[in-house]
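A.B. asks: Everything below, folded, please.
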Amino acid sequence: MPLSASLTALLPEYVLTLTGVLIMLIEAVLKPGTSRKPLGWLAIAGTTVTGILSFYQLHLGVLTAFSGSIQVDAFSIFFHLLIGSVVVATLLGSLDYFESNAGEYYALVLFGAVGMMLMTCSVELLMVFVGLEISSISTYILAGFRKGEGTAVESSIKYFLLGSFATAFFLYGIALAYGATGSTSIAGISAGLGSSATPRMAFLALAMMLIGLGFKVSAAPFHLWTPDVYQGAPAPVVGLMSTAPKAAAFAVLLRVTFCGFPPLMQHRWSMLLWGLAALSMTIGNLGALKQTNVKRMLAYSSIAHAGYLLVAFSALAPAGIAAACFYALSYAAMNVGAFAVVTQAGGYKETLRSFEDYRGLAIRRPVLGFLLAFLLLSLVGIPFTGGFFGKFYVFSAAIQAGHVWLAIIGLINSGVACYYYLRLLSSVYTKPVESASVATFDPTPVVSVPAGIGLALAAAATLMLGIMPGHVLHLANYASSSLRITSAQVPPSAPFTSVTPLTNQPK
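C.D. replies: Numbering: from 1, shown residues only. As a prediction, this is how the structure comes out:
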């Protein structure tokens with residue numbers, strides 16, 4: 001493969017990597033106490049350039065690199081743009097969040113984004129594993145970045161330990177897929193399984209990989225880490241890790257399920273995902289009902305939304321793929337916005353934690369209160385918001401595939417979710433208790449300009465997805481068709497991935 005082709009295919013990742021390295025080099029020579037804000041702006045500039053390069057790649061057709069292990073198409077570019085948008089919004093909300101020594105924070109965010117983007121464009125499972133590790137290591141550190149806080153250290157350790165187990169399951173799944181088909185490329189696995197009777201080892205391989213990816217997307221029953229990690233991690237980091245890594249993991253899951261395993265297996269793994277979707281929606285919403293801490297409530301909410309998104313996986317392509325892409329984007333917009341409000345309302349010390357602490361927020365800080373109310377209504381799925389059309393397309397795809405009961409379970413869970421979202425909304429617009437100290441509620445009286453831009457972008461995206469979803473849905477359909485077309489083209493396998501399957505070896 002010529003170097004120019006490899007350079008073009010991974011140009012966004014190269015730019016992010018070089019920007020992160022440059023930030024670390026500049027950080028090393030800055031004097032203690034010097035503002036690190038310019039490093040944050042450098043990270044935002046690098047991510048913006050990455051988005052422009054991704055748009056440029058969209059007009060180049062399908063790009064492959066490194067013996068076919070990397071494939072850049074409309075599907076991967078869709079998620080590149082999604083991840084880049086989340087990173088920009090997170091960085092804008094973080095510029096005034098950390099008190100000092102935040103240079104390495106910006107570099108870690110960029111390195112994590114590189115891993116997520118690699119996951120979305122990799123069609124070789126070993127390359128997916130590399131991207132998963134790059135993303136995971138960065139988020140493990142970011143989860144404990146609120147230095148001096150015991151809950152932050154606990155959050156980071158729990159995330160690391162449980163994440164290591166989940167990664168091991170994913171790696172075992174790759175090994176079993178290699179044993180069943182003789183290949184670790186997604187197209188090679190599809191060709192190997194389609195040319196012969198499906199071995200039982202392949203089902204076990206898929207189950208193992210589902211466990212690893214289920215952890216990354218907080219799907220039940222692999223969700224136990226989520227509430228504790230979200231509660232202890234810094235609010236802007238939670239906004240990032242609850243959206244971008246999930247989007248990358250869902251992109252991998254879409255490739256593995258719809259492309260890696262032939263249609264004759266779909267009725268089997270579809271039912272498995274049917275059960276995971278129903279379980280995630282139910283456990284997430286029931287768990288959120290009991291919460292009094294806002295971040296823990298949003299953590300259980302993210303489990304439920306992972307279930308909503310998994311509903312699309314039980315549907316048939318292309319409707320299921322397009323619905324999953326659209327929902328991933330709408331959820332990212334409203335969840336990043338919600339955690340941006342939490343960041344600005346509570347500050348670095350996160351003094352606003354419980355529902356009661358948010359009492360009267362709209363009276364003292366009307367703009368923040370209104371934005372939080374709007375984003376909560378979108379999470380509920382009220383019309384004219386991105387959340388409404390996201391759920392509409394997901395449930396419609398499930399009904400078209402004949403999974404009516406799953407759609408009914410999803411609708412019931414959406415009704416249950418109204419209770420805890422509206423409970424927080426009522427606190428925001430309820431007059432505070434007379435004896436409460438105003439200083440307790442206003443650690444950050446003025447929203448900074450960068451944070452305001454990030455909040456405005458998240459709210460605008462949520463609104464536009466609710467009133468004019470056609471353009472994004474068209475892009476999602478285009479990404480879906482790209483995934484289905486290019487998956488039929490088996491890329492040239494590298495030497496170490498092209499061997500005789502164990503099941504067909506001569507005795």
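A.B. asks: all contacts plus neighbour counts: C-alpha atoms, from now on.
C.D. replies: Will do.
A.B. asks: so Ala247 sits right up against Tyr327, yeah?
C.D. replies: No - contact criterion Cα atoms under 8 Å: Ala247 and Tyr327 do not qualify, at 9.8 Å.
A.B. asks: what about the protein, any weak spots by pLDDT?
C.D. replies: 1-4, 99-101, 150, 194-198, 262-266, 316-317, 433-445, 484-507 (pLDDT under 70).
A.B. asks: helices or strands up against the helix of greatest length in it?
C.D. replies: If you go by DSSP state H, the chain has its longest helix at helix 150-181. If contacts are counted by 3 or more Cα pairs under 8 Å, 6 or more residues apart in numbering; DSSP states H and E, helix 150-181 sits against helix 125-143, helix 186-194, helix 200-216, helix 226-232.
A.B. asks: Which neighbouring elements make contact with the second one?
C.D. replies: Judged by 3+ Cα pairs under 8 Å, 6+ apart, the packing partners of helix 186-194 are helix 150-181.
A.B. asks: Pull out the buried positions in the helix it packs on.
C.D. replies: For helix 150-181, the buried set under the neighbour-count rule, 16 or more other Cα atoms under 10 Å, comprises 151-160, 163-164, 166-167, 169-181.
A.B. asks: So the residue nearest the centre of the chain versus Tyr419, what's the distance?
C.D. replies: Residue closest to the average C-alpha location in the chain (Cα atoms, centre = their mean): Lys246, at 2.5 Å. Distance of Lys246 to Tyr419, computed by Cα to Cα, to the nearest Å: 25 Å.
A.B. asks: Same check on Phe165?
C.D. replies: Going from Phe165 to Tyr419 by Cα to Cα gives 34 Å.
A.B. asks: which residues sit against stretch 331-342?
C.D. replies: Identification of contacts with stretch 331-342 by Cα atoms under 8 Å, 6 or more residues apart in numbering yields 82, 86, 89-90, 93, 235-236, 238-240, 242-244, 305, 352, 368, 371-372, 375-376, 378-379, 386-387, 390, 451, 454-455, 458-459, 461-462.
A.B. asks: brain fart, stretch 84-98
C.D. replies: Taking Cα under 8 Å, 6+ apart as the rule, stretch 84-98 contacts 37, 40, 43-44, 47-48, 50-51, 106, 109-110, 113, 236-237, 239-240, 243-244, 332-333, 336, 340, 343, 347-348, 448, 450-455, 457-458.
A.B. asks: Pretty sure Ile382 sits in a strand.
C.D. replies: No - read with DSSP: H, G, I helix; E, B strand; the rest coil, Ile382 is coil and lies in no strand.
A.B. asks: Report whether the expected contact of it with Phe392 is present.
C.D. replies: No - the criterion here is Cα under 8 Å, and Ile382 misses it with Phe392 at 10.7 Å.
A.B. asks: quick one on the thing from earlier: from Ile134, how far off is the residue nearest to the centre of the chain?
C.D. replies: Separation of Lys246 from Ile134 (Cα to Cα): 14 Å.
A.B. asks: following the strand or helix carrying Met281, which helix or strand comes up?
C.D. replies: Per DSSP states H and E, Met281 falls inside helix 266-289. As assigned by DSSP H and E, the chain's next helix or strand after helix 266-289 is helix 294-313.
A.B. asks: The next helix-or-strand element following that following helix vs helix 294-313, what angle?
C.D. replies: Where DSSP H and E defines the elements, the next helix or strand beyond helix 294-313 is helix 319-346. Here helix 319-346 runs at an angle of 170 degrees relative to helix 294-313 (axes from the mean of the first three to the mean of the last three Cα atoms, to 10 degrees).
A.B. asks: can you give me the strands for the stretch 351-500 of the chain?
C.D. replies: Taking DSSP state E, counting those that start in this stretch as the criterion, the stretch 351-500 of the chain carries no strands.
A.B. asks: Which residues does stretch 130-146 contact?
C.D. replies: In contact with stretch 130-146 (Cα under 8 Å, 6+ apart) are residues 105, 108-109, 111-119, 152-157, 159-160, 163, 229, 232-234, 237-238, 241, 245.
A.B. asks: repeat for stretch 461-470
C.D. replies: Contacts of stretch 461-470 (Cα under 8 Å, 6+ apart): 330, 333-334, 375, 378, 383-389, 472.
A.B. asks: Give me the buried entries from the contacts of stretch 84-98.
C.D. replies: Buried members of these, scored by 16+ other Cα under 10 Å, are 37, 40, 43-44, 47-48, 50-51, 106, 109-110, 113, 236-237, 239-240, 243-244, 332-333, 336, 340, 343, 347-348, 450-452, 454-455, 457-458.
A.B. asks: Just these: which are in helices?
C.D. replies: Those of the buried ones among the contacts of stretch 84-98 lying in helices (DSSP H): 37, 40, 43-44, 47-48, 50-51, 106, 109-110, 113, 236-237, 239-240, 244, 332-333, 336, 340, 343, 450-452, 454-455, 457-458.
A.B. asks: just the buried members of the contacts of stretch 461-470?
C.D. replies: 330, 333-334, 375, 378, 384-389, 472.
A.B. asks: Just the closest of these to Met24, please.
C.D. replies: Of all the buried ones among the contacts of stretch 461-470, Ala333 has the smallest distance to Met24: 28.9 Å, by Cα to Cα.
A.B. asks: Distance of the closest one relative to Ser242?
C.D. replies: For Ala333, the distance to Ser242 - Cα to Cα - is 11 Å.
A.B. asks: Equivalent analysis for Leu53, please.
C.D. replies: Computed as Cα to Cα, the Leu53 to Ser242 distance reads 25 Å.
A.B. asks: Of those two, give the one with the bigger neighbour count.
C.D. replies: Using other Cα atoms under 10 Å as the criterion, Leu53 and Ser242 rank with Ser242 on top: 26 against 19.
A.B. asks: Look up the closest residue to the more buried one, ignoring the ones flanking it.
C.D. replies: Ser302 (7.1 Å; Cα to Cα, 6 or more residues apart in numbering).
A.B. asks: who touches that neighbour in this structure?
C.D. replies: Ser302 is in contact with 218, 242, 284, counting by Cα under 8 Å, 6+ apart.
A.B. asks: any idea how far Thr226 is from it?
C.D. replies: Plainly put, Ser302 is 9 Å away from Thr226 if you go by Cα to Cα.
A.B. asks: quick one: contacts for the nearest residue to His223 once chain neighbours are set aside?
C.D. replies: Spatially, and ignoring its direct neighbours in sequence, His223 is nearest to Phe215 (6.4 Å; Cα to Cα, 6+ apart). Neighbouring residues of Phe215 by Cα under 8 Å, 6+ apart: 163, 166, 222-223.
A.B. asks: Return the backbone torsion pair for Thr64.
C.D. replies: phi -120, psi 150 (degrees, to the nearest 10).
A.B. asks: can you tell me how far the closest residue to it other than its chain neighbours sits from Ala65?
C.D. replies: Leaving out its chain neighbours, the residue that sits closest to Thr64 by Cα to Cα, 6+ apart is Gln71, at 4.5 Å. Going from Gln71 to Ala65 by Cα to Cα gives 7 Å.
A.B. asks: Overlap of the contact sets of the two?
C.D. replies: By Cα under 8 Å, 6+ apart, the residues touching both Gln71 and Ala65 are Ala9.
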